[in-house]
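> fold the following and give me the result.
(2 chains)
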Amino acid sequence: MGRHPWLSVLWTAARTPRGAAGLALASVIVLIAVAGPFVASKPPDALLTLPFAKPSGQFPLGGDFLGRDVLSRVLNGGWALLLMALAATTIGIAIGAAAGMSAAYLRGRSDSLIMRTVDVILAFPQLVFALLLVSLLGPKLWLIVLAVGLTHAPAVARVIRSATLDVSERDYVKVVELQGMRPVKVMTSEILPNLISPLMVEAGLRLTYSIVIMAGLAFLGFGQAPPAANWGLMINENRSGLPLNPWAVIVPAVLIALLTIGTNTFTDAIARVTIGVDRRPEEAVLLDELTPGQPR
Amino acid sequence: MAIATAPAERAVPGRNEHPLLVLTARRLAIGVLTLFLVSVIVFLATEVLPGNAAFAVLGRSANPARLHALERQLHLDQSVLAQYWTWLSGLFTGKLGTSLANGEPVWGLVEPRLINSAVLVFAAGLFGAVVGVALGAIAALRKDSVFDHVSSVAALTVTSLPEFVVAITLIILFSTVVSHLLPAVSLLPPGTYAWSQPELLILPVATLVIVIVPYIFRMMRAAMIEALESDYVEMARLKGVPEWRIVLVHALPNAIAPTIQVIGLNFLYLAGGVVVVEYVFNFPGIGQALVFAVNNRDIPVIQFIVVALAAFYVVMNIVTDVVALLVTPRRRIAR
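This next block holds a predicted model:
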């Protein structure tokens, strides 16, 4: 086809009904988040109306707990969340893929060392690990991105390790090995291109989880500090006013929900077109490990 | 132990060990090692890495006298190894030090919260497992039916939702905007446990169940479909085994094994999920305590809760592995 294999996977997935629905949903929310700050008609931090004011012509979504315009805050409150989630996903996939490939390809002591490290990091719930780091160094945004990315890595490493074990046994890998290619080169030029499917599915999954965790941390008060507009933070700030102006909570909650549903549905479509079954790679790893009669 | 219980089968002692025992022993060893490393990481991170924990706690209000007093309280004047030993032995003897936020002993602060969180996690884990396994098995048996399609799409949708969005939705539906059937906050008087007012548990447990069921459902469905299409099920069918027996005796046990792993993984998720859910509902558990402690930089409390959550995960991991093996018929037999 001549098209880049990564793009061709995305294209195929986007043309399935599920993929199209997921992509459309996610795109709409991304558009709101990215274009929002430019179309917001009022400053997000200005006190313009009464606290928890009901929606009116001038303030279509009413006021928040301080009397700021909810619509303007919604339009301003997505981009940072999105950016942080993307950055954490990139870090997690990069570290996880490198660790998983090295473990499977180098085997022996490197494998045990990497996989034991994976076990140790997995013992911390992702959110708790992020909270631990935040408690030490303060709620700095780069730290939160790093913490979330780092806690993605072990799960990615497990999936990529199991995929690499399979690929590294193939003949074309054996051939270049016999020709004396260095391990790092074998991994980057021969093995990596064959990990496109699990990597793309993992990237989609981790992006969804990143959004969930980032929004959760913001909700707990460990993301952007007030008075920043942030969908997660908005839900927490305004939930005491639910009986007065529920829109200040419902709209950011729905936007977060639609975004994660969109990314997750599109990821599911990628999994269906690449792996061929509706099973996530992490589930497939579990099934293989326990399916009777298979060598480990 | 095996030799004592089954002497007749042990003609050659020490050889031909039952794989289950070997695996359990190996998992235990790895678990202990993992926990040891976790404790080292938590300790080093909180005590050594940021330069000086006492300075981190006091922040701008630090002056030499207060710094010095706090250093003694945190044992920062000892060597790193001695500090670690004091802390580690405290974990086992309950001498966890005193909270930096209010000066109370850490154990007295977290003990009722540990129990409340345990009630929450096990109630959610149990309900979630039962609902997920049942729905997954039904969907697999009626593959490609309307129920299967609807439940699969619903599972995919719900999997994507952050737990606080689920919690807020339940609060909107059941305790504020739409109706007032259930309390929006699970405030408990100090010193009382969660089961004294079960209605306060409903929304937090429901939130966690809704979040974990899709994972268990998906795994159970996939594993059950695989089992139903296997050779041994076909063999049983050809032999004329009744369908209910094929499902319950042949397919279900083999499908539950990998699902139990996912149920176990969900307990890890629950260990993190309780943090947000307890915070939303003001439920007095360790998750809420962790959020407060992080806000106050209450290092002894943070250390204990993080290690407790990690220990819970490691133990659950071993338990799931062993249970998964026990229910996999072909893996039980010594080879």
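> give me the helices and strands touching the helix or strand hosting residue A:26, please.
Using DSSP states H and E, residue A:26 sits in helix A:17-39. Applying 3 or more C-beta pairs under 8 Å, 6 or more residues apart in numbering or on different chains; DSSP states H and E, we find helix A:17-39 packed against helix A:5-14, helix A:70-76, helix A:79-106, helix A:247-274. Quick note: C-beta positions are derived from backbone N, CA and C, even for glycine.
> what's in contact with it?
Helix A:17-39 has contacts (C-beta atoms under 8 Å, 6 or more residues apart in numbering or on different chains) with A:13-14, A:74-79, A:81-82, A:255, A:258-259, A:261-270, A:272-273.
> buried sites along it?
A:18, A:19, A:21, A:22, A:23, A:25, A:26, A:29, A:30, A:32, A:33, A:36 (16 or more other C-beta atoms under 10 Å in any protein chain shown).
> and stretch B:316-332, by the same measure?
The neighbour-count check on stretch B:316-332 (16+ other C-beta under 10 Å) flags B:316, B:317, B:318, B:320, B:321, B:322, B:323, B:324, B:325, B:327, B:328, B:331 as buried.
> how many neighbouring residues does the residue in chain A positioned nearest to chain B have?
Residue of chain A nearest chain B, by C-beta to the nearest C-beta: residue A:125 (2.8 Å). Residue A:125 has 24 neighbouring residues, counting by other C-beta atoms under 10 Å in any protein chain shown.
> coming back round to it: if we take the buried residues of helix A:17-39, which one ends up nearest to residue A:199?
Among these, residue A:19 lies closest to residue A:199 (C-beta to C-beta), at 17.2 Å.
> nearest residue to the closest one other than its sequence neighbours?
residue A:269 (3.1 Å; C-beta to C-beta, 6 or more residues apart in numbering or on different chains).
> quick check: mean pLDDT of stretch A:219-227?
What stretch A:219-227 shows for mean pLDDT is 84.
> put the alpha carbons of that stretch into CSV.
Presented in CSV, the C-alpha positions along stretch A:219-227 are these (Å, rounded to 0.1, in the frame of the first residue of the first chain):
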residue,chain,number,x,y,z
PHE,A,219,-10.2,16.2,41.5
LEU,A,220,-8.3,15.4,44.7
GLY,A,221,-6.6,18.8,44.5
PHE,A,222,-3.2,17.6,43.3
GLY,A,223,-3.3,18.8,39.8
GLN,A,224,-3.3,22.4,38.6
ALA,A,225,-3.7,24.7,41.6
PRO,A,226,-6.7,27.0,41.9
PRO,A,227,-7.7,29.4,40.4
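> hmm, it in reach of chain B?
Yes. Interface with chain B: stretch A:219-227 contributes A:219, A:220, A:221, A:222 (C-beta under 8 Å from any C-beta of the partner chain).
> contacts for stretch A:106-122, please.
Contacts of stretch A:106-122 (C-beta under 8 Å, 6+ apart): A:99-100, A:102-104, A:129, A:150-151, A:153-155, A:157-158, A:161, A:183, B:30, B:33-34, B:37-38, B:41, B:268, B:313.
> actually, stretch A:251-258.
A:25, A:28-29, A:32-33, A:61, A:70, A:74, A:77-78, A:81, A:211, A:215, A:231-232, A:234-235, B:160-162, B:165, B:168-169.
> ok, which stretches of chain B are helices?
Assigned by DSSP state H, the helices in chain B fall at B:2-5, B:19-47, B:53-58, B:64-73, B:80-93, B:106-141, B:146-159, B:163-174, B:199-228, B:231-239, B:243-245, B:252-281, B:286-296, B:299-327.
> interface residues of the stretch 201-335 of chain B facing chain A?
B:218-219, B:222-223, B:226, B:254, B:257-258, B:261-262, B:268-269, B:271-273, B:275-276, B:279, B:290-291, B:293-295, B:297, B:299, B:302, B:305-306, B:309-310, B:313-314, B:324, B:328-331.
> one more time with 6 Å
B:219, B:222, B:257-258, B:261, B:271-272, B:275-276, B:279, B:291, B:294, B:297, B:302, B:306, B:309-310, B:313-314, B:330 (C-beta under 6 Å from any C-beta of the partner chain).
> kindly write the ChimeraX command that selects the buried subset of these.
Per 16+ other C-beta under 10 Å, the buried members of these correspond to this ChimeraX selection:
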select /B:219,222,257,258,261,271,272,275,276,279,291,294,297,302,306,309,310,313,314
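> which of the helices and strands packed on helix A:17-39 has the lowest average pLDDT?
Looking at the helices and strands packed on helix A:17-39, the weakest mean confidence is helix A:5-14, a mean of 81.
> which residues are in contact with it?
A:19, A:20, A:23, A:196, A:200, A:269, A:270, A:273, A:274 (C-beta atoms under 6 Å, 6 or more residues apart in numbering or on different chains).
> what's the answer for stretch B:314-326, then?
A:123, B:20, B:24, B:27, B:31, B:34-35, B:257, B:260-261, B:264, B:267, B:331.
> ok, so of these, who is nearest residue B:205?
Nearest member of the contacts of stretch B:314-326 to residue B:205, counting by C-beta to C-beta, is residue B:267, at 14.2 Å.
> now do the contacts for the closest one.
B:125, B:316.
> quick one: it and residue A:198, what's the gap?
Look at residue B:267 and residue A:198: by C-beta to C-beta, to the nearest Å, they are 25 Å apart.
> please identify the residues of chain A in proximity to chain B?
A:119-120, A:123-128, A:131-132, A:135-136, A:208, A:212, A:215-216, A:219-220, A:242-243, A:246, A:253, A:256-257, A:260-261, A:264, A:268, A:279, A:283, A:286-287, A:290, A:292.
> what subset of those residues is buried?
Counted by 16+ other C-beta under 10 Å, those give A:119-120, A:123-128, A:131-132, A:135-136, A:208, A:212, A:215-216, A:219-220, A:242, A:246, A:253, A:256-257, A:260-261, A:264, A:268, A:279, A:283, A:286-287, A:290 as buried.
> re the thing from before, among the residues of chain A next to chain B, which are in helices?
Using DSSP H, the residues of chain A next to chain B in helices are A:119-120, A:126-128, A:131-132, A:135-136, A:208, A:212, A:215-216, A:219-220, A:253, A:256-257, A:260-261, A:264, A:268, A:283, A:286-287, A:290.
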